[in-house]
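Q: based on what follows, work out the 3D shape:
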Amino acid sequence: MMMMNIIIIILLSITPGLVVTCSPVVLTTNNTTIRIGFLSSFRYGLGKIIAGAVPLAIKDLNSDDSILPNHNIDFIAAEFGKPNSYSGIRKMTELKDRVHAFIGPDESCACEALVASAWNKPIVSYKCIDQNLSNKTIYPTFARTLPPSSKISKSVISLLKHFKWNKVVLIVSKNPSNQQVQESLMKLANEQQIQIRQKYYLPDQYISRHEQEIEQIIDNSYQQTRIYILLTDTFVLVDFIRLMQRKKLLDTGLYAIVSVEEEVFYSVKKGGYLNKQYKNLRNLDHLDLRGLMIITPSPPLNMNYSEFQKDVLEYNRRDPFSIPFHKKIAIQVPIYGGLLYDAVTVIAQAFHKVIENGQNISNGIIVMDALKNLNYKSILGFNVHMDENGDAEGNYTLLCLDIVNKSIDMQIVGSFHQTENDLPVLKLNRKLKWYGNGPILSEPICGFNNEFCDNVTIIIGIILFIIIFITIVFFTFKHYHYEYKLTKVLWKIDIKDILFIHTDFEYGLQNIRNTINLHSLKQMEVVFNTNNIQNKNEQFENSSIDIFDNQLYGIAIYKGSITFVKRICKKSIDLTRNIRKELIQMREMRHENINQFIGAIIDAPNIAVMFIYCARGNLEDVLRNKDINLDNMFVASLVADLIKGMIYLHDSDIISHGNLKPSNCLIDSRWVLQISDYGLHEFKSTQDLFKSKENQEKDMLWRAPELLKNLNASPRGSQKGDVYSFALILYEIILRKNPYEEINMSNNEILHRIINPKLYGEVFRPRLKKLKCSQYIIKCIEECWKEEPDERPDFRFINIRLREMQAGLKPNIFDNMIAMLEKYSYNLESLVQERTIQLLEEKKKTENLLLRMLPKSAAEQLKRGEAVEAEYFDCVTIYFSDIVGFTELSAMSTPIQVVNLLNDLYTCFDSIIGNYDVYKVETIGDAYMVVSGLPIRNAEKHAGQIASMALHLLQEIFNFEIAHRPGEYLKLRIGIHSGPCVAGVVGLKMPRYCLFGDTVNVASRMESTGEAHKIHVSYSCKQILDKLDGYILEERGLISIKGKGQMRTYWLLDRNLSDDSL
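A: Here you go, the predicted model:
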């Protein structure tokens, strides 16, 4: 190959017309036509089958207005002859001055790429896998749509990393392609810490007599590896599997074989792969292929690929190819037809980018730079990325083989996906058939030489001893820690540490909620009699005094926190082990929807339990308060809190509530529902009940029927009983009434009907017809209060059933919370602060509005009540523009359309001028006035700012389409002038910042005497722009200006972007 390259260079230097040059060649063709030279063999090579892909791609490109607009693509087909012949170079020489780029050839490409590089011509190959051509120092104008042979090595490494195979053996056939894959694979393996333990080589032309070499390789390596990677042809793979099977190595399930196939797998009919090689093999159905994996190029994803193949064959029959095909002979277009189509597409995209950047398409290096890192959609259906060398990244598939009806069937089990990292990621789409329970290990647990298991017995014994010892220590520590907590009585509250606030009745607690300031305890002295509180606490030293005054509830301050104290109506209590366990369980309950237990008072006769105080009262109080608007979001929030609390309670050691009802569902200051009165069943047993019979019957309305029937039922209740109680609470939340309130029966009669459904012939429940809610809520209620406990769902299932209540309502939680906090705020200061913030926000809005009307300096003077004095400016630059033909356009449009048009236009302009040091003065109809250099002086930069802004606006107007007249675009006329002026605020009502002086008039004349889509510049402005040295102007000549006579004016054409002086 090296000798071939040297001969070509000599020919290029001595053959007339083959002058080696890197300068761009000026083509004699029409500059709107881009011509491609198609190099292929239509007699010997693939060209006779896939040539039609070129005219098909060119037809699609020429019909696409987004690619190379105002240009036409054409091609010249060149018969390349046999591969590796000089006739191909001769053809390229004939086409050199007639084409902009080459596509092809079929087989060899190194010589052609070298010649194209010498001519500075881009060449794109579709069937060249030589890795050496990725060297851009030698082949700077070469690219390809067929991935080089080294690309597949990335997928091999990805497979090894996926299954954590870090020790492998490599078997390579001695041909250039496989050796290039080997070099790339070894380099990547070294980078990824994958050890290639051994490498073996086989002849390129493998025949059956080389079978002994494969057998010798297996004998030398099977004890040092579990993973074989084969870079060979199919015949080597067949013999390798057969010999592994003969040695009964595959039966062990310890070995995996990874074969790399660069041929096109999907062109083989289903079940046909390897069958020819196996035709003489006996017992095919007993061959185990579970350890074999094959990496190959992916099949097309394009669902219309078969139509593409038909189109290619159709274009083959047409000129200039005229390739005959018999109609009854089915011709299969290989994958290279799609890659040839892609080659034409990517070179067209590169030309498009070069033209768009204003560069020379005859410069092959520039065109190649446009191809690098290009992403395109292949006709095969893949998203393909061209790397920094102009090589397409490959799309590869993982295949496994299976024997079905004595035929080997290919199964696609995964694919390799490109990522931001250099290596692709393997994604499996089906479960692999492994030996045993899982993937094969690349190394035995004890190592290949048992190096890891020499002292395995001692190590295992030490590990077991450590595990047993740690387990014994852990459970011993846990036991003694638990016993310590039982004896420590951390839950006990000393009555001397409590400051009680007494009320006359249970429902008087509501008054306390409305008067206690949570942030200051001093205000309590205003509401309550301080002397009485102090006297009561002095009496605590005598523990025989009843501090509850025959009340069941109380509020107290304990360690700086407001707490709720519930009396246990017992004269004394015996702290048994079970009661201590209950108290410890209560202290360990921590959940946002569980009312936190603080401790217990056990100083007889004052037996009580203490919880965190909830300022909003209980759920029953909230539902009865008509001032509180319970919207859907509020209801959903309460129900969700209740469900979450009950799930936590049922999962805890307390197991169930047993007395769930609205009065035991408390609402804290943040409107979070918390469940109370749970647990301590033995602690609260055998109480002297103070409640009347009517109140006791009322409390029993929420108990489940099975618990009401059983007079000896445990006060703990049951989890299914809690679900029944939840159904009634949910009913009550939605209806905002007691479930049985409108039933004309006493509580005793209601209980009797609930307990005896057979006696009355029906299951008695509240009426669901009155509920105005979604059907799924009603269905959930019906399921929760079913008569049979086993038919009721648990709270986790209820949570799933009612999850729809909160769907789409999340934003209203915050709004509802704000409204509640404003209405029930304890602190007037927070409300005043909120109003102050609103006032400041409105003030900011007013100031922002004023700043939109006037400059900041003038606005500040007006805010201080001062008069704004006029100010003289030595030199400013003023911009005027209007719309050409605006009067005719207005006559053909409605007023609303005109207003909308101007609003869209000026909104676009306003967004652009924000990038420059300019001040918008005013708009009058279609006229737009901008100035730079005032109110803040900026030396001579004002002319440059206005000029750059004008160019920006003019560029943007070309893309501004009239909304109510599709397809029509506005024409802008711009005038610029520099000179002195005076600026000041005029008027008291709707004051305006106005400019005065001859400069304003001249700038307006520059605009009125200008032309559409041009920027008319005065001589004074041109002088300043020349000093800035960054703008391209063209003299217009002497123009008659009204009131000024003849003036020399200029056109502003463009800005020199490479100039950094601005």
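
Q: low pLDDT regions in the stretch 301-450 of the chain?
A: 402-409, 435-437 (pLDDT under 70).

Q: let me see the domain layout of this structure.
A: Here the domain parsing of the chain from automatic domain parsing is 2-148+303-385, 152-261+265-299+396-428, 495-815, 827-859, 870-1055.

Q: within the sheet, what are the partner strands of the longest strand seen in the chain, with directions?
A: If you go by DSSP state E, the chain has its longest strand at strand 972-986. Within its sheet, strand 972-986 is paired with strand 871-883 (antiparallel), strand 992-996 (antiparallel), strand 1014-1018 (parallel), according to DSSP bridges.

Q: of all the ones you listed, which one comes closest to residue 359?
A: With CB to CB as the measure, strand 1014-1018 is the member of these nearest residue 359 (26.0 Å). (Each C-beta comes from the backbone N, C-alpha and C, glycine too.)

Q: avg pLDDT for that closest one?
A: The average pLDDT within strand 1014-1018 is 91.

Q: next: stretch 47-66.
A: On average, stretch 47-66 scores 92.

Q: follow-up on the earlier one: for the longest strand of the chain, which positions count as buried?
A: 972-979, 981, 983-985 (16 or more other CB atoms under 10 Å).

Q: check the strands paired with strand 972-986 for me and report the most buried one.
A: strand 1014-1018 (a mean of 25; mean count of other CB atoms under 10 Å).

Q: now do it: everything it contacts.
A: Under the contact criterion CB atoms under 8 Å, 6 or more residues apart in numbering, strand 1014-1018 has outside partners 947, 950-951, 954, 973-978, 1002-1003, 1006-1007, 1009-1010, 1025, 1033, 1036, 1047, 1049-1052.

Q: alpha carbons of the longest strand of the chain, in PDB - could you do that?
A: Extracted C-alpha coordinates of strand 972-986, given in PDB (Å, rounded to 0.1, in the frame of the first residue of the first chain):
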ATOM      1  CA  LEU A 972     -37.900  49.300   6.900                       C
ATOM      2  CA  ARG A 973     -36.400  52.600   6.000                       C
ATOM      3  CA  ILE A 974     -33.700  53.900   8.500                       C
ATOM      4  CA  GLY A 975     -32.000  57.300   8.900                       C
ATOM      5  CA  ILE A 976     -29.100  58.200  11.200                       C
ATOM      6  CA  HIS A 977     -27.500  61.600  12.000                       C
ATOM      7  CA  SER A 978     -25.100  62.800  14.700                       C
ATOM      8  CA  GLY A 979     -25.000  66.300  16.200                       C
ATOM      9  CA  PRO A 980     -25.800  68.500  19.200                       C
ATOM     10  CA  CYS A 981     -29.300  68.700  20.800                       C
ATOM     11  CA  VAL A 982     -31.200  69.700  23.900                       C
ATOM     12  CA  ALA A 983     -33.300  67.300  26.000                       C
ATOM     13  CA  GLY A 984     -35.800  68.000  28.600                       C
ATOM     14  CA  VAL A 985     -39.200  67.000  30.100                       C
ATOM     15  CA  VAL A 986     -42.300  69.000  28.800                       C
END
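
Q: touching, residue 1012 and residue 884? I think so.
A: Yes - counting by CB atoms under 8 Å, residue 1012 touches residue 884, with 4.4 Å between them.

Q: looking at the two, which one has more neighbours?
A: Comparing residue 1012 with residue 884 by other CB atoms under 10 Å, the one with more neighbours is residue 884, at 16 against 12.

Q: enumerate every residue touching the more buried one.
A: Residue 884 touches 970-973, 1012, counting by CB under 8 Å, 6+ apart.
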